[in-house]
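Engineer: below: sequence and its predicted model.
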Amino acid sequence: MNSLTIFEFDKVVEAKAGAVGLAVPRRVFAWLDMQSLRNDDDAPGWLKPTHLSGQRAIQVTSYVGVIRAPCGFQIEVLPKTGRNTSPEEARALLIEMLKCLAGFRHIKTANADLVAERMPLLEVFIQQFLLAVGSLVKRGLRSDYVARQDNLFALRGRLLVARQTSQNLVRRDRFFTEHDEFSQDRAENRLIHTALRHVLTLCRSQESQRVARELSFVFSDVPPSVDVAQDIQRIRLDRGMGYYESALDWAKLILQGLSPISGMGSHHAPSLLFPMEAVFEAYVEKHLARQLHADFVLKAQASSQHLVAHDDQRWFRLKPDLLVKQKQTTRLVLDTKWKLLDAAKNNGREKCQLSQADFYQLYAYGHHYLDGTGDIVLIYPKTDTFTEPLPVFDFPKAIGMRLWVLPFCLKERRLKLPASLQLQSVFVGESSKASQAEDFNAVPA
């Protein structure tokens with residue numbers, strides 16, 4: 001076994017006699033343990049040391065994707081959306097949600113040959129890159145004039161006198177020149193070629209390896225990049241080169257580590273990890289905008305307010321995830337939280353597993369963005385233990401400000417609304433649900 005599929009917040013232990021739980025090979029566990037114990041600036045926040053049944057264990061946090069150890073062992077971490085979520089359902093959901101995340105808009109899950117339910121995430125992304133390059137190749141590689149310096153038998157371009165004197169003093173039949181050459185050797189092609197060669201070392205699918213080799217052959221006249229960072233800076237999509245965009249975006253992700261998360265240390269083990277808080281926020285932002293009435297707009301990451309003023313300075317910026325505005329007036333303040341609530345635990349001790357810190361945060365948002373009057377909303381994923389909005393929360397000392405805790409259905413891509421007339425006036429009601437919902441039968445409700 002050279003791979004393992006787990007869910008967020010699962011724990012893994014070292015594979016040995018008497019081990020209990022999800023086990024990984026000794027060298028993989030040692031690498032994970034070393035990563036989790038780092039305390040430098042690049043220490044990964046997606047791993048933490050813990051214990052399981054008296055054994056040392058490593059727990060993944062609220063990050064999902066692929067952890068790839070230097071030896072090639074892969075741990076696929078999937079989002080947990082309920083008690084009985086299958087890996088196939090969770091993987092399909094994650095791929096759909098990633099389409100809303102900046103940098104991954106090129107995922108095409110509608111392709112008939114993309115079997116996302118069975119294909120590991122790393123292979124999914126590699127296949128998407130190969131599809132993008134294949135589409136580019138069909139339209140043709142672009143060439144450009146490139147400045148060349150060479151010692152030629154015929155004068156071509158501009159004679160470099162200093163180099164001619166130093167190298168050809170006794171070779172009257174040579175000319176050291178600088179000239180322009182129309183060539184496919186441009187930064188965009190070098191990056192794609194380099195990414196194709198890198199993919200050959202990563203993918204396990206024989207079909208993907210075959211396609212990568214065939215596409216690499218098309219780029220055989222293009223040298224690989226010797227300075228990826230410099231070539232990324234040199235990218236220039238001229239007129240008519242829009243079809244390069246998708247392949248280049250994938251190439252940059254592959255060459256820069258396949259992940260928005262750093263912390264792999266000097267091993268440079270390719271990873272594919274995403275904080276679920278950010279993924280969920282992007283997913284809600286995209287689909288919630290479609291649920292608003294026409295005269296309302298959704299604004300993300302507002303930051304115009306601060307918590308306190310001190311010595312003519314404003315401190316502690318307040319940044320709610322989302323605002324609903326009507327012209328210049330803020331109507332709602334919303335914050336997304338990737339956490340599984342349990343509405344059955346509605347008592348003074350467990351409080352549906354809600355966080356007091358989140359309530360304090362929303363209270364501050366409401367006072368500064370709504371002047372202490374109006375509706376503020378906490379949005380959590382809808383699960384089998386949280387299917388309906390909770391009864392409204394009132395603030396005794398802030399008359400007129402209400403806090404709602406609402407579920408967002410990941411399958412229907414809609415916010416579940418309470419009977420509040422204020423919220424119903426902002427959002428499209430349930431009667432319009434059928435006309436706006438999209439087919440997405442692979443994802444659990």
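Structural biologist: Cool, the structure landed.

Engineer: for this protein, which segments count as helices?
Structural biologist: According to DSSP state H, the chain carries its helices in the segments 26-36, 87-98, 121-139, 161-167, 187-202, 206-218, 228-233, 245-255, 276-288, 356-369, 421-424, 433-436.

Engineer: any chance of these in a markdown table, with mean neighbour count too?
Structural biologist: C-beta here means a position set from N, CA and C on the backbone, and glycine is covered the same way. Compiled in a markdown table, those are given as follows (neighbours: other C-beta atoms under 10 Å):
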| stretch | mean neighbour count |
| --- | --- |
| helix 26-36 | 18 |
| helix 87-98 | 21 |
| helix 121-139 | 20 |
| helix 161-167 | 12 |
| helix 187-202 | 22 |
| helix 206-218 | 16 |
| helix 228-233 | 14 |
| helix 245-255 | 21 |
| helix 276-288 | 21 |
| helix 356-369 | 17 |
| helix 421-424 | 14 |
| helix 433-436 | 10 |
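
Engineer: how about those helices in a markdown table, adding distance to residue 336?
Structural biologist: Shown next, in a markdown table, are the helices of the chain (distance: least, C-beta to C-beta, whole Å):
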| stretch | distance to residue 336 |
| --- | --- |
| helix 26-36 | 27 |
| helix 87-98 | 12 |
| helix 121-139 | 22 |
| helix 161-167 | 61 |
| helix 187-202 | 32 |
| helix 206-218 | 34 |
| helix 228-233 | 31 |
| helix 245-255 | 24 |
| helix 276-288 | 5 |
| helix 356-369 | 11 |
| helix 421-424 | 16 |
| helix 433-436 | 20 |
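
Engineer: by mean pLDDT, show me the worst of those helices.
Structural biologist: Mean pLDDT per stretch puts helix 433-436 lowest among the helices of the chain, at a mean of 43.

Engineer: ranges for the strands of the stretch 201-350 of the chain?
Structural biologist: In the stretch 201-350 of the chain, the strands defined using DSSP state E, counting those that start in this stretch lie at 272-275, 297-300, 305-310, 313-318, 322-326, 329-336.

Engineer: out of the ones you listed, deepest packed?
Structural biologist: Mean neighbour counts were compared across those using mean count of other C-beta atoms under 10 Å; the top stretch is strand 272-275, at a mean of 23.

Engineer: which secondary structure elements does it contact?
Structural biologist: Packing contacts for strand 272-275, counted by 3 or more C-beta pairs under 8 Å, 6 or more residues apart in numbering; DSSP states H and E, involve strand 63-68, helix 121-139.

Engineer: of the ones you listed, which is nearest residue 376?
Structural biologist: With C-beta to C-beta as the criterion, residue 376 lies closest to strand 63-68 of these, at 27.6 Å.

Engineer: what average pLDDT does the closest one get?
Structural biologist: pLDDT averaged over strand 63-68 gives 85.

Engineer: contact partners for the residue nearest to residue 256 when sequence neighbours are not counted?
Structural biologist: In this structure, residue 256 finds its nearest non-sequential neighbour in residue 228, 7.6 Å apart by C-beta to C-beta, 6 or more residues apart in numbering. Taking C-beta atoms under 8 Å, 6 or more residues apart in numbering, we find residue 228 in contact with 191, 194, 255, 256.

Engineer: tell me the contacts of the closest residue to the first one other than its chain neighbours?
Structural biologist: Computed as C-beta to C-beta, 6+ apart, the closest residue to residue 191 that is not its neighbour in sequence is residue 251, at 4.8 Å. Residues touching residue 251, when contacts are defined by C-beta under 8 Å, 6+ apart, comprise 129, 191, 192, 194, 195.
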